[in-house]
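A.B. asks: Structure for this input, please:
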Amino acid sequence: MYQEVKLEVNDKKGFFYIENDEGILAKMTFVFAGANKIIIDHTEVNSNQNGKGFGKLMVESAVEYAREKAIKILPLCPFAKHVFEKNTNLNDVL
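C.D. replies: Below is the predicted model of the structure:
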């Protein structure tokens, strides 16, 4: 089951999210740390959506975003940090 990951961003912060007709199912927030880095600070998935891979999809979307913008990611969120530890192919943006 593919879910589209969407992005909302402003000058200082943003979030990746997955939604359906009932609302937001999962959300991962970040803040900008200067012009060249984002800090992922929180990942949350609705409890009835656990195990569907939404968290990993959002981390992968953050990696795509970082690669496109030529910026780095600091994963302070324990979940995001775990995804990077398990998927070393994403580590070029660390």
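A.B. asks: how far out from the middle of the chain is stretch 83-94?
C.D. replies: Centroid separation for stretch 83-94 versus its chain: 13 Å, with CA atoms, centre = their mean, to the nearest Å.
A.B. asks: what mean pLDDT does that stretch have?
C.D. replies: For stretch 83-94, mean pLDDT rounds to 97.
A.B. asks: where does residue 21 land on pLDDT?
C.D. replies: Predicted confidence (pLDDT) for residue 21: 89.
A.B. asks: Could I get the contacting residues of the residue nearest to residue 90 when sequence neighbours are not counted?
C.D. replies: Among residues not flanking residue 90 along the chain, residue 63 sits closest, at 4.9 Å (CB to CB, 6 or more residues apart in numbering). For the C-beta atoms, the positions are set from N, CA and C on the backbone; glycine is no exception. Applying CB atoms under 8 Å, 6 or more residues apart in numbering, we find residue 63 in contact with 73, 90, 93.
A.B. asks: same check, this time on residue 31
C.D. replies: 12-13, 38-39, 41.
A.B. asks: Let's see if you can find the most crowded of the residues you listed.
C.D. replies: residue 38 (23 neighbours; other CB atoms under 10 Å).
A.B. asks: now the helices: where do they sit in the protein?
C.D. replies: 54-69, 78-86 (DSSP state H).
A.B. asks: Next, the buried residues of the first one.
C.D. replies: Judged by neighbour count using 16 or more other CB atoms under 10 Å, the buried positions of helix 54-69 are 54-63, 65-66.
A.B. asks: likewise the shortest one?
C.D. replies: Neighbour-count burial for helix 78-86, counted by 16+ other CB under 10 Å, picks out 79-81, 83-84.
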